[in-house]
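Visitor: Here's a sequence, model it:
(chains A and B)
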Amino acid sequence: MSKPKVVGQRVPRVDVPDKVTGRAIFAADVAISNALASAVLRSPHAHAKIRRLDVSRARTAEGVAAVITGQDLLQAQGLTMEEARRLRPALRQHYLAWDKVIYAGQAVAVVAATTQEAAQKALGLIQVDYELLPSVTDVETAMKPGAPALHPNLAVRISAKVEVSDNVVMRTEIRKGDVAAGFAQADIVLEETFRTQMVHQGYMEPHAVTASVAADGKITVWTTTQGSFSIRQGISQTLNIPDSQLRVIPTEVGGGFGAKAFTLIEPLCVLLAQKAGRPVKMVMSREEEFIAATPAPPVVYRLKMGATRDGRITAAEGTAIFDAGAFAGEMAPSAMDSLALYKVPNLSLEHFQVVTNKPPVGAYRAPNHPQGAFASESMLDMIAQSLSLDPLELRLRNAVQDGDATPDGVPLGRIGFKETLQRIREHPIWREKPKAGRSRGLACGVWTPAALTSTAQLQVTPDGSFALTMGSVDITGVRTTMAQIVAEEFGLDMKEVAVTTGDTDTAGYADVSGGSRTTRTTGTAVLRACQDVKAQLRERAAAQLRVSIEDLEYGDKKFWANGSPKTSVSIEAIAGKAVFGRGDVIVGHGQCSRLGREPAYAVHVAEISVDRETGQVQVERYVAAQDVGFALNPTLVEGQLQGSAVQGIGWALSEGYVYRNGILQNPNFLDYRMLTAADLPPIEPVLVEVAAPDGPYGARGVGEPPIIPPLAAVANAVSRAIGIRITSLPMTSEAVWRALKARGQA
Amino acid sequence: MKIPLHITVNGQPREILVEPTRTLLETIRVDLGLTGSKEGCGKGNCGACTVLLNGMAVNSCLVLAVEAEGQEVLTIEGLSQGNRLHPLQQAFLDQGAVQCGFCTPGVLLLAKSLLDTNPHPSEQEIRTAIAGNLCRCTGYDKIVRAIVAASKQKVAP
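Guide: Take a look at the predicted model:
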């Protein structure tokens, strides 16, 4: 490829003019005439049987158009409650409970009414007779035999080394080599238990959806989502509605970070609209987001690691307990990923997934990786301290490189881990001594994106402009980067490319935008659509010029025969023929569902100070380096690194669900403390570009890796500052002060 | 019982009837159809609903519509002059300070109120000023850079 002109450039995002002027339409801004408002009755109890649920008074209340309960959800499935208990105990009650509530905040009934006030008022008329059950919110208690059972009908016997309760819903094991022999070779063996807390993705836009049913039964849904096709599938499966009867239109997304990948309230909104015979709008409050969306799982991770005196890891052995919340998660938890950074010849990891009386967990940016890396990257730092080794050198000694195998035996292709470590080694934050009173911590992370599926359609319009339509929702600037690809491939200005995220009826299928896959997979689909269009244009140009395709040259939106630039045919002349049937339309398709596994590595350094009187940790300086393969748009890539790092720093320092007797104590932004601009220093991104063997122009996945290292990077810095290893998050000033006090240092 | 409300919104005098319980944010979004102002928490903790009331930044979810009687409200829809972006809007666009864009209207108006009173703030002053506006996408870095860049621009006449 000749030097790129549009990709690799800091092109402003195409969606931003509307976003800085208030024109962009988010889901709560959708206003369908005659739409009803709605309100949800939620369980005040962490664990209870629903003995009786009476909505009759609410149904007849003023302004109320429809009330739905779990019974209606079962009816849509064609099941009675008895059958559901017997046949489908796993039927998710997260949408709406039907015989039992398993966490405080779980939906029990939903009302649609002419006004918000009327809907809210009607909730007070619903009578629920609960039989309270003992609850449990921490995994260690929940997995002990005799703990309150959340899903007695669902219990699967899990064979584990210790006896466990029926709340243990999954156990997996990874083994490699001989751990006992590995520890025997070690000069030091360290063991520690690390704890991470439940955190919320913290997207600024609460979930919102509007559903409308046409006279013929066809349903249209406007929602804030990372994947319109995922929402269509969720509604279709929950309510037994064929895809052909469902059209999902994605709006602008006010942040998702994994939590808007799957259905949450959409099926309820559709069911209400069907019952009411009028459009219905549902908007979640911030409190509902905290108590009834899908936060990230807390993990208790005991990890033991051995190393030789010169810092070679000989073995790792651990048990990681993932808190799934109310229902078994859809993603297999794994703590292995954080150890995949290094050559660990002998490995034994046991994972448990345990249900507790808390909201069901969901995906949050690099799911489960930050929790794993908090343990393993803290452990690496402990080894470095014990052996008096530079923590970066220790990592270089053990780092995986091209051709090494991952713990599950897949050989690595071209990777940029060592290059990223080298860049940090040369960076002033590592080369120079920290200022007096400051300490530094280093940590690494890796994420391997899945390809999933994307499609793209590229049309040349009659005046020679280009129109790109894709099913991928834009959460990180996808419209911009995909338009950059088209502009690059045809030598266009950005203004000559129209780019649209279509809906489920107008665009080709695409899986969710998430998991750092969209630029790679959708980008590949767009490149293939470009190739398709190029082939069609060349064929037509060759015919028009009466030369062979091989002899064609291209530039400035024109084709000419090799050596005779004066006789050319323009794209406009070719595409314009479509009007009034003088020629075929130039429309190209591209799709992608398979790509190589191209891991992306991040290395972060936090420089912090600790106020010993208050325990307050101040991040003074922060550098986030990452192998991004190729930055299609450096500004957008930097933004991913910075935002992701700050989410991780918040996880390290201030965020966390606080439960008391099964009730969340801090379901608001005042008590659940996300970091503000005043808490933070500039976040310095360092882009390393080791091109991936596949993916557009060598691009790697970018969004997930930078949330993985910060937890340990900050903890390692704090531990070095106060001389006490912090093994439990968040490191609030209270927690750090208590640690200091316990040592008599505060 | 609804109460008549006289306010000037983005330079236009408006007269509407509102419920006494209506917040200024609801009035702006629902009664006036200006959906650029966002509700992120409804409790004054996130700043997404920030508008300028007589030039002062307020969380419009914490102000009752009737409290704004006789006052001037500036929402995000009134920040640009026709199609010409305000220097802050242009800087946010140029510097990559916008990702999802949900917090953007509130941050822009807060930044305007800052620059109106302190045309050349230091980075620390900017960070302190926008501490009430949560952003989950950017880590604030590019927002701060954009406000610095705008402060160096000649403000449009």
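
Visitor: Spatially nearest residue to the residue in chain B that chain A sits nearest to (excluding sequence neighbours)?
Guide: Per C-beta to the nearest C-beta, B:Gly36 is where chain B lies closest to chain A, at 2.0 Å. The C-beta positions use only the backbone N, C-alpha and C, and glycine is treated the same way. Distances taken as C-beta to C-beta, 6 or more residues apart in numbering or on different chains put A:Gly22 closest to B:Gly36, at 2.0 Å, once the chain neighbours are dropped.

Visitor: How about the secondary structure of the residue of chain B closest to chain A?
Guide: coil (DSSP: H, G, I helix; E, B strand; the rest coil).

Visitor: can you pull the pLDDT of it?
Guide: Note on B:Gly36: pLDDT of 98.

Visitor: In contact with it: list those residues for me.
Guide: A:21-23, B:75-77, B:105 (C-beta atoms under 8 Å, 6 or more residues apart in numbering or on different chains).

Visitor: The closest residue to chain B within the stretch 301-450 of chain A: neighbour count?
Guide: Going by C-beta to the nearest C-beta, chain B is nearest to A:Arg365 of the stretch 301-450 of chain A, at 10.4 Å. By the criterion of other C-beta atoms under 10 Å in any protein chain shown, A:Arg365 has 28 neighbours.

Visitor: Equivalent analysis for the one 4 residues further on, please.
Guide: The number of residues packed around A:His369, counting by other C-beta under 10 Å, is 25.

Visitor: Please report how far it lies from A:Asp337.
Guide: 5 Å (C-beta to C-beta, to the nearest Å).

Visitor: got any residues that touch both of these two?
Guide: A:446-447.

Visitor: does any bit of the helix ranked longest in chain B sit next to chain A?
Guide: Longest helix in chain B, counting residues (DSSP state H): helix B:104-117. Yes - using C-beta under 8 Å from any C-beta of the partner chain, we find that helix B:104-117 touches chain A at B:104-105, B:108.

Visitor: And these, which of them are buried?
Guide: B:104-105, B:108 (16 or more other C-beta atoms under 10 Å in any protein chain shown).

Visitor: next helix or strand past the one helix or strand B:Arg127 maps to?
Guide: Using DSSP states H and E, B:Arg127 falls within helix B:123-129. Using DSSP H and E, the next helix or strand after helix B:123-129 towards the C-terminus is helix B:141-152.

Visitor: Could you check the angle that next one makes with helix B:104-117?
Guide: 40 degrees (axes from the mean of the first three to the mean of the last three C-alpha atoms, to 10 degrees).

Visitor: circling back: and the helix holding B:Arg127, what does it pack onto?
Guide: Applying 3 or more C-beta pairs under 8 Å, 6 or more residues apart in numbering or on different chains; DSSP states H and E, one finds that helix B:123-129 makes contact with helix B:104-117, helix B:141-152.

Visitor: Give me the contact list for the last one.
Guide: The contact list for helix B:141-152, computed with C-beta under 8 Å, 6+ apart, reads A:635, A:638-639, A:642, A:677, A:680, A:682-683, B:87-88, B:90-92, B:94-97, B:107, B:111, B:114-115, B:119-121, B:123, B:126-127, B:130, B:135.

Visitor: what number of residues lie near whichever residue of the stretch 251-400 of chain A sits closest to chain B?
Guide: Residue nearest to chain B within the stretch 251-400 of chain A (C-beta to the nearest C-beta): A:Gly254, separated by 3.2 Å. A:Gly254 is flanked by 29 other residues according to other C-beta under 10 Å.

Visitor: Any idea how many residues pack against the nearest residue to B:Arg29 once chain neighbours are set aside?
Guide: Spatially, and ignoring its direct neighbours in sequence, B:Arg29 is nearest to B:Thr35 (5.4 Å; C-beta to C-beta, 6+ apart). B:Thr35 has 22 neighbours, counted by other C-beta under 10 Å.

Visitor: Quick one: residues contacting B:Thr35.
Guide: Taking C-beta under 8 Å, 6+ apart, one finds A:22, A:25-26, A:28-29, A:31, B:29 in contact with B:Thr35.

Visitor: ok, which pair from the residues you listed is furthest apart?
Guide: Within these, A:Gly22 and A:Ala31 form the most distant pair, 14.5 Å apart (C-beta to C-beta).

Visitor: Go through the contacts of B:Thr35 and say which is closest to A:Ala39.
Guide: Using C-beta to C-beta, the contacts of B:Thr35 come closest to A:Ala39 at A:Ala28, 14.8 Å.

Visitor: wait, isn't that closest one in contact with A:Ala208?
Guide: Yes - A:Ala28 lies in contact with A:Ala208 (C-beta atoms under 8 Å); the separation is 4.0 Å.

Visitor: Between these two, which contacts overlap?
Guide: What both A:Ala28 and A:Ala208 touch, as defined by C-beta under 8 Å, 6+ apart, is the set A:Val283.

Visitor: what sits against the residue of chain A at minimum distance from chain B?
Guide: Distances between chain A and chain B by C-beta to the nearest C-beta are smallest at A:Gly22, namely 2.0 Å. Residues near A:Gly22 by C-beta under 8 Å, 6+ apart: B:34-37, B:75-77, B:79, B:105.

Visitor: next one: A:Gly701
Guide: A:447-449, A:515-517, A:519-520, A:598, A:600.

Visitor: Which secondary structure element is home to it?
Guide: Per DSSP H and E, there is no helix or strand for A:Gly701.

Visitor: Tell me the pLDDT of it.
Guide: 97.

Visitor: roughly how far apart are it and A:Val637?
Guide: Taking C-beta to C-beta, one finds A:Gly701 at 11 Å from A:Val637.

Visitor: Please apply the same query to A:Gly8.
Guide: Distance, A:Gly8 to A:Val637, by C-beta to C-beta: 10 Å.

Visitor: just A:Tyr672 next, same as before
Guide: From A:Tyr672 across to A:Val637, the span is 29 Å (C-beta to C-beta).

Visitor: higher neighbour count, those two?
Guide: The residue with more neighbours, out of A:Tyr672 and A:Val637, is A:Val637; 29 against 22, by other C-beta under 10 Å.

Visitor: Now for that one: which residues touch it?
Guide: A:628, A:631, A:685, A:687, A:702.

Visitor: which regions of chain B sit below the pLDDT cut-off?
Guide: Where chain B drops to pLDDT under 70, the residues are B:154-157.

Visitor: quick check: mean pLDDT across the longest strand along chain A?
Guide: When chain A is parsed with DSSP state E, its longest strand is strand A:313-325. Mean pLDDT, computed over strand A:313-325, is 96.

Visitor: Could you do stretch A:277-292 as well?
Guide: 98.

Visitor: May I have that stretch exported as CSV, CA atoms only?
Guide: Provided in CSV are the C-alpha atoms of stretch A:277-292 (Å, rounded to 0.1, in the frame of the first residue of the first chain):
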residue,chain,number,x,y,z
GLY,A,277,-52.2,-1.2,21.7
ARG,A,278,-50.2,2.1,21.9
PRO,A,279,-46.5,2.9,21.7
VAL,A,280,-44.7,2.7,25.1
LYS,A,281,-41.6,4.3,26.3
MET,A,282,-39.4,3.0,29.1
VAL,A,283,-36.6,5.0,30.6
MET,A,284,-34.6,3.7,33.5
SER,A,285,-33.6,6.0,36.4
ARG,A,286,-30.0,6.1,37.6
GLU,A,287,-31.0,4.2,40.7
GLU,A,288,-32.6,1.4,38.6
GLU,A,289,-29.3,1.3,36.6
PHE,A,290,-27.4,0.5,39.7
ILE,A,291,-29.8,-2.0,41.3
ALA,A,292,-31.2,-3.7,38.2
